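Participant: okay, sequence plus prediction incoming.
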Amino acid sequence: MFVKLKYFLPFLFISYGSFSQSKLNLFLTPSDTLNKPRRNSVVISEAALASITLIGLNQLWYADYEKSALHAINDNNEWLQLDKFGHVFSSYQLGKFGADALQWSGVNKKGQLIYGGTLGFVFLSTVEIFDGYSEEWGFSWGDVAANGLGTGLYIGQELLWNEQRISLKFSFHQTKYASQNPEKLGNGFQEQLLKDYNGQTYWLSVNLKSFFNESKLPSWLNIAFGYGAEGMLSGVKDIDNQLLTNTNRYRQYYLSFDVNLENIKTNSHVLKTVLSIFNTIKVPFPALEFTQKGCVFHLLYY
């Protein structure tokens with residue numbers, strides 16, 4: 001199901017050509033008190049975008065497959081769970097976006113967490129119901145659990161520390177496997193970015209300064225723990241996979257450094273917004289890779 005969202009996950013670039021730099025900076029500055037016009041615009045925009053996305057999914061994706069009664073499937077053994085990590089990441093980032101948008105509107109902390117932090121779980125679980133009514137797919141409790149884990153990671157840290165000390169990030173590189181099964185793994189970079197699980201790595205990026213506040217560590221320095229996998233041409237291991245790749249699928253674990261872009265000090269809310277967007281991506285750094293084959297050092301891993 002995570003792969004299908006590639007058609008609809010928006011990367012929104014809004015142009016404010018009529019604004020001067022100072023006006024744009026003022027516009028992006030979070031409100032200290034509840035700003036009802038801002039809050040209403042956030043709620044309406046999110047509801048409209050979610051509705052358009054769901055309608056689009058129904059017409060452009062699910063219409064190609066037979067309908068069925070609501071049914072569940074167990075896909076927890078597929079893709080060495082990389083698809084589940086995709087759900088955790090997406091739910092976390094959508095929840096963070098929802099809470100940040102309400103903070104910008106001046107909504108109180110409780111409202112941010114209840115109505116913003118749960119955005120990812122509500123939206124992705126709604127898509128899961130669509131899956132449940134499709135003959136080709138099915139409702140996956142594993143996906144729902146992953147959605148809940150991503151949402152819980154965001155909300156839990158806000159309740160415990162009032163900040164995100166541990167962030168979920170993503171990195172990707174193209175692999176040799178996509179050309180062997182482009183229907184499953186994508187044809188071209190954009191499709192492979194979201195379909196080729198062999199090239200995806202999901203990271204827990206931990207801010208060191210937040211845990212050692214009295215230290216002289218820079219506030220932007222993170223240590224990152226990554227998870228990936230290789231040798232996969234389909235969701236589950238099969239004969240064709242072994243014949244074509246001549247290797248078994250295997251898990252990869254990574255240790256690297258990272259940069260918390262949101263902790264870079266600036267008075268510009270324009271720059272803060274840009275840094276917040278790019279903070280979803282793991283900054284390339286040297287990394288150690290641990291697998292069943294041993295340990296490998298990467299001079300620059302992404």
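Facilitator: Nice, thanks for sending it over. Numbers count the residues shown, from 1 in each chain.

Participant: what's the domain layout of this structure?
Facilitator: As given by automatic domain parsing, the domain ranges for the chain are 1-164, 165-302.

Participant: out of those domains, which gets the lowest mean score?
Facilitator: Note on these: lowest mean pLDDT is at domain 1-164, with a mean of 87.

Participant: from the chain's centre, how far out does that one sit?
Facilitator: Put simply, domain 1-164 sits 9 Å off its chain's centre (CA atoms, centre = their mean, to the nearest Å).

Participant: show me the strands in the chain, by range?
Facilitator: Secondary structure of the chain (DSSP state E): strands at 72-73, 139-140, 166-172, 200-207, 221-230, 250-259, 285-291, 294-301.

Participant: could you tell me the end-to-end distance of stretch 111-128?
Facilitator: One end of stretch 111-128 to the other measures 25 Å (CA to CA, to the nearest Å).

Participant: what comes up buried for it?
Facilitator: Buried positions in stretch 111-128, judged by neighbour count with 16 or more other CB atoms under 10 Å: 111-113, 115-125, 127-128. Bear in mind the C-beta positions are built from the backbone N, C-alpha and C, glycine included.

Participant: cool, stretch 149-158 as well?
Facilitator: For stretch 149-158, the neighbour count (16+ other CB under 10 Å) marks 149-155, 157-158 as buried.

Participant: again, but for stretch 28-41
Facilitator: Per 16+ other CB under 10 Å, stretch 28-41 contains these buried residues: 28, 35, 38-39.

Participant: now stretch 220-235
Facilitator: Under 16+ other CB under 10 Å, the buried positions of stretch 220-235 are 220, 222, 224, 226-233, 235.

Participant: those: which two are farthest apart?
Facilitator: Of all pairs drawn from the buried residues of stretch 220-235, the greatest distance, 38.9 Å, lies between Trp220 and Leu233 (CB to CB).

Participant: and the helices in the protein?
Facilitator: Taking DSSP state H, the helices of the chain run over residues 21-28, 36-60, 82-104, 109-111, 119-132, 141-161, 182-185, 189-195, 208-211, 239-245, 269-278.

Participant: in TSV, list the strands of the chain along with distance to Leu275.
Facilitator: Shown next, in TSV, are the strands of the chain (distance: least, CB to CB, whole Å):
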stretch	distance to Leu275
strand 72-73	40
strand 139-140	34
strand 166-172	13
strand 200-207	14
strand 221-230	14
strand 250-259	10
strand 285-291	17
strand 294-301	21
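
Participant: list the contacts of the closest residue to Leu153 other than its chain neighbours.
Facilitator: Taking CB to CB, 6 or more residues apart in numbering, and ignoring the residues beside it in sequence, Leu153 has Tyr92 as its nearest neighbour in space, at 5.5 Å. Applying CB atoms under 8 Å, 6 or more residues apart in numbering to Tyr92 gives the contacts 120, 150-151, 153-154, 168.

Participant: just put these in TSV and tack on distance to Leu271.
Facilitator: TSV is the format used below for the contacts of Tyr92 (distance: CB to CB, whole Å):
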residue	distance to Leu271
Gly120	25
Gly150	27
Thr151	28
Leu153	26
Tyr154	23
Leu168	22
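
Participant: and which of these is nearest Leu208?
Facilitator: Distance to Leu208 across the contacts of Tyr92 (CB to CB) is lowest for Leu168, with 16.9 Å.
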